[in-house]
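>>> based on what follows, work out the 3D shape:
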Amino acid sequence: MISSVPLPIDYPALLTRLDEWHHAVRERFPGLVPCRAGCSACCHGPFDISVADALLVRDAISALPDREREAVRGRARAQVSRMAAAAPSFQFPWDVSRLGDAPFDALVEAQADAPCPALGGSGKCLIYQSRPMVCRLMGLGMRTRSGAELENACPIQGEYPFFRDLPPQEFDLEAWETREARALRMAAGELFGDEASTGYETTIAGAALLGGG
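Residues are numbered from 1 along each chain as shown. Sure thing, here's the model as predicted:
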């Protein structure tokens with residue numbers, strides 16, 4: 001009998017593959033890609049993250065020094081409260097997938113200028129090494145092995161014409177997502193005791209409060 005339990009997978013190591021892709025592009029085009037630790041141009045407005053990212057973010061915030069952890073959770077509580085005021089169905093565990101695309105898009109637009117709760121006072125990400133997948137995709141367009149293209153979503157690319165005009169860069173996203181699927185099952189099992197909850201999505205604010213906010 002074949003077990004349905006997914007084989008263990010190192011999700012942080014899987015995310016590192018995206019970092020390596022980003023780094024390799026920067027080496028091929030020196031000086032053209034402005035993305036770096038400390039730039040917070042894309043760190044505003046809520047956005048959805050996967051259940052695997054939610055677990056990673058929750059644990060990273062829980063591991064912060066007391067003062068920083070409570071400050072992040074305070075900002076997270078304020079953000080989810082504002083979102084819940086606009087969409088009363090947005091309640092613990094703050095599952096974006098249950099809202100539907102249109103209501104969530106409206107919440108995102110209403111808080112487009114709100115800084116990420118994980119940003120410190122100097123604008124530095126306090127959980128940079130544990131930042132979600134979407135944060136690691138920012139700043140480059142991608143062409144997958146199947147030929148699909150993901151646009152560069154950097155909000156300040158217009159300030160850097162050569163960066164803006166950089167063509168999508170090759171990455172085998174399909175193979176990456178095959179391994180990610182196992183990470184989603186494992187994270188759903190750990191967070192909710194139910195590996196079937198792989199479709200759960202939340203925001204960084206929601207993830208910050210999963211550990212007890």
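>>> CA atoms for contacts and neighbours, from now on please.
OK.
>>> buried residues of the strand or helix carrying residue 22, list them for me.
Assigned by DSSP states H and E, residue 22 belongs to helix 11-28. By neighbour count with 16 or more other CA atoms under 10 Å, helix 11-28 contains the buried residues 11, 12, 14, 15, 18, 21, 22, 25, 26.
>>> what about the strands in the chain?
Taking DSSP state E, the strands of the chain run over residues 49-50, 142-144, 149-150, 169-171, 201-202.
>>> burial count for residue 87?
Here the number of neighbours of residue 87 (other CA atoms under 10 Å) works out to 16.
>>> actually residue 117, not the one I typed
Using other CA under 10 Å, residue 117 has 26 other residues around it.
>>> now residue 31
Residues lying near residue 31 (other CA under 10 Å) number 10.
>>> okay, it: pLDDT?
For residue 31, the model assigns a pLDDT of 90.
>>> quick check: it vs residue 25, distance?
Computed as CA to CA, to the nearest Å, the residue 31 to residue 25 distance reads 11 Å.
>>> give me the most central residue, the chain.
The C-alpha lying nearest the average C-alpha coordinate of the chain belongs to residue 132 (CA atoms, centre = their mean; 3.1 Å).
>>> without its sequence neighbours, what residue ends up closest to that one?
Distances taken as CA to CA, 6 or more residues apart in numbering place residue 53 nearest to residue 132, at 5.2 Å, with adjacent residues excluded.
>>> ok, now which ones touch residue 53?
Residues in contact with residue 53 (CA atoms under 8 Å, 6 or more residues apart in numbering) are 131, 132, 133.
>>> how close does it sit to residue 122?
24 Å.
>>> just give the number of residues close to residue 156.
Residue 156: 13 surrounding residues under other CA under 10 Å.
>>> what score does it have for pLDDT?
Note for residue 156: predicted pLDDT of 94.
>>> relative to residue 189, how far out is the closest residue to it other than its chain neighbours?
Setting aside the residues directly before and after it, residue 156 is nearest to residue 41 in space (CA to CA, 6+ apart), at 6.9 Å. To residue 189, residue 41 is 34 Å away according to CA to CA.
>>> ok, residue 200 next?
Remark: distance between residue 200 and residue 189 (CA to CA) = 11 Å.
>>> helices and strands of this protein: which one has the lowest mean pLDDT?
Here the helix or strand of the chain ranked lowest by mean pLDDT, DSSP states H and E is helix 101-110, holding a mean of 87.
>>> so which elements touch that one?
Judged by 3 or more CA pairs under 8 Å, 6 or more residues apart in numbering; DSSP states H and E, helix 101-110 has no packing partners among the helices and strands.
>>> any idea how far that helix is from the chain center?
On the basis of CA atoms, centre = their mean, to the nearest Å, helix 101-110 sits 17 Å off its chain's mean C-alpha point.
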